[in-house]
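Undergrad: The following comprises the amino acid sequence and a computationally predicted model.
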Amino acid sequence: MTIKDQIVFEINKQRKFSSQYDYDAFSVVRLSPKIIGKLDGRKSWVKISNGRKSVYRIALGMSPTKGFIQKVMEIDYDSLLELGVSRSSVPVDEHGFYFCELQVQSTNFIKRVIAHWKHPAHEYRVPMQLV
């Protein structure tokens, strides 16, 4: 386990993607460039958890926009469902971010393989299981 595997970043706000293209990508999460730089960089797999459940997603950066500070993320609806996070009863700020309590951290090789193996999207799961 490396030092980066031990670093956990608290995320206190999340919102849906601001770009429609992100919905066409598989398993993407948008994070602050400052967080990505302290993890394993762009396009690295990260673990997102809420203390009870976890999902593994590919980390991409976010260009500076209003309200996008270090402790926020853009994440898809399906990932929130897997985590059991609801947007319906949570307050939203002026930039469209919902308050949340999530953690993000780097993953190691074995966890990336397991993430592919158990991924809900067939495009990730089936090729890994065929190998």
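TA: Structure's in. What do you need?
Undergrad: Disregarding residues adjacent in the polypeptide, which is nearest to K34?
TA: Excluding the flanking residues, the one nearest K34 by CB to CB, 6 or more residues apart in numbering is Q70, at 5.2 Å. Every residue, glycine included, has its C-beta placed from N, CA and C.
Undergrad: Tell me the spacing between that neighbour and P120.
TA: 29 Å (CB to CB, to the nearest Å).
Undergrad: cool, and Q103?
TA: Distance from Q103 to P120, counting by CB to CB: 20 Å.
Undergrad: cool, and I7?
TA: To P120, I7 is 27 Å away according to CB to CB.
Undergrad: how many other residues sit next to the residue nearest to K34?
TA: For Q70, the neighbour count with other CB atoms under 10 Å is 14.
Undergrad: What residues does it make contact with?
TA: Q70 makes contact with 32, 34-35, according to CB atoms under 8 Å, 6 or more residues apart in numbering.
Undergrad: Counting neighbours, which of these end up buried?
TA: Among the contacts of Q70, the ones that count as buried by 16 or more other CB atoms under 10 Å are 32, 35.
Undergrad: Can you classify the spatially most central residue of the chain as helix, strand or coil?
TA: The structure's the chain has its C-alpha centroid closest to V29; by CA atoms, centre = their mean the separation is 4.0 Å. In three-state terms, and counting by DSSP: H, G, I helix; E, B strand; the rest coil, V29 is strand.
Undergrad: With S88 as the reference, measure out to the nearest residue to it once chain neighbours are set aside.
TA: Distances taken as CB to CB, 6+ apart put R57 closest to V29, at 4.2 Å, once the chain neighbours are dropped. To S88, R57 is 22 Å away according to CB to CB.
Undergrad: Who has more neighbours out of Q103 and P120?
TA: Q103 (15 against 12).
Undergrad: Tell me the pLDDT of the more buried one.
TA: Looking at Q103, its pLDDT is 93.
Undergrad: Could you give the bridge partners of the closest residue to G96 other than its chain neighbours?
TA: Excluding the flanking residues, the one nearest G96 by CB to CB, 6+ apart is R15, at 4.8 Å. Counting by DSSP bridges, R15 forms beta bridges with E74.
Undergrad: All set now, cheers.
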